[in-house]
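Visitor: Here you go, sequence then predicted model.
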Amino acid sequence: MSDVSMPSDLVAFVREQKDRQEIWDCLVRYARGLDRFDMELMASAYHPDAWDDHGLKSAGGGDFCEWAIGFHGQIQTRHQHFIGNHSVELEGETAHAETYYFFWGENLEGPPTLAFGRYLDRFEKRNGKWAIAYRRCITEKTGTFRDADLPDGFAEANAATGPCRRDRHDASYARPLTRETPNE
């Protein structure tokens with residue numbers, strides 16, 4: 001095997017892209033962990049001494065995760081957190097990020113909830129791991145929507161791909177993911 005030398009600007013670029021990807025992966029772990037009620041996965045997005053200020057609840061990362069999963073479990077049958085536009089400023093082993101979110105929740109009572117806003121995060125890289133050190137959730141709008149009028153059978157056909165589970169029995173945890181043959 002021969003030694004391959006890379007220009008220093010390319011090495012710096014690759015390092016920066018790796019940091020950016022690890023920060024993005026952290027955001028995805030947070031959203032997936034919350035939507036699947038996977039406390040371990042959600043909490044892995046925070047450093048142990050992190051703080052989350054979400055408006056409704058302001059607490060340490062672990063306590064916030066416990067509260068958030070309980071809150072959604074009490075008022076909704078299912079929900080999804082989507083993350084979108086994302087900018088991050090890297091400053092050594094600290095990063096400041098702004099990430100847009102969109103939330104949908106099917107409530108136990110009343111119409112479904114929609115909300116959108118931004119996560120303002122300070123990430124820190126400790127012992128080689130990027131995680132949230134401080135989060136401030138800015139909610140831009142919260143409201144409800146009514147179900148669309150769909151042709152007969154449309155909703156049922158869409159739901160036939162499998163139930164949404166809020167635990168580790170959700171289809172997203174299946175390994176390997178395989179095609180299921182319908183029982184006909």
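Guide: Yep, that arrived.

Visitor: Spatially central residue in the protein, please.
Guide: The C-alpha lying nearest the average C-alpha coordinate of the chain belongs to residue 31 (CA atoms, centre = their mean; 1.5 Å).

Visitor: Please give me every residue in contact with that one.
Guide: By CB atoms under 8 Å, 6 or more residues apart in numbering, residue 31 lies in contact with 81-83, 101. Heads up, the C-betas are built off the backbone N, CA and C, glycines and all.

Visitor: Could you single out the nearest of those to residue 55?
Guide: Each of those was checked against residue 55 using CB to CB; the closest is residue 101, at 13.0 Å.

Visitor: what about residue 154, neighbour count?
Guide: Other residues near residue 154 number 11, with proximity taken as other CB atoms under 10 Å.

Visitor: Now the lengthiest helix in the chain: average pLDDT?
Guide: When the chain is parsed with DSSP state H, its longest helix is helix 8-35. In this model, helix 8-35 has an average pLDDT of 96.

Visitor: any idea of the mean pLDDT for the next helix or strand after that helix?
Guide: For helix 8-35, the succeeding helix or strand toward the C-terminus, using DSSP states H and E, is helix 39-43. Across helix 39-43, the average pLDDT comes to 98.

Visitor: gap between the nearest residue to residue 96 once chain neighbours are set aside and residue 83?
Guide: Take residue 96 and drop its neighbours on the chain: the residue closest to it by CB to CB, 6 or more residues apart in numbering is residue 89, 4.8 Å away. Applying CB to CB, to the nearest Å, the value for residue 89 to residue 83 is 17 Å.

Visitor: And those two? Which one has more around it.
Guide: Applying other CB under 10 Å to residue 89 and residue 83 shows that residue 83 carries more neighbours, namely 15 against 9.

Visitor: Go ahead and confirm the more buried one touches residue 99.
Guide: Yes: using CB atoms under 8 Å, residue 83 is in contact with residue 99, at 5.4 Å.

Visitor: list residues touching both of those two?
Guide: 27, 119.

Visitor: quick revisit: report the buried members of the contacts of residue 31.
Guide: The neighbour-count test (16 or more other CB atoms under 10 Å) marks 81, 101 as buried among these.

Visitor: Quick one: the contacts of residue 31 as a markdown table, columns for pLDDT too.
Guide: Output for the contacts of residue 31, formatted as a markdown table (pLDDT from 0 to 100):
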| residue | pLDDT |
| --- | --- |
| 81 | 97 |
| 82 | 97 |
| 83 | 97 |
| 101 | 97 |
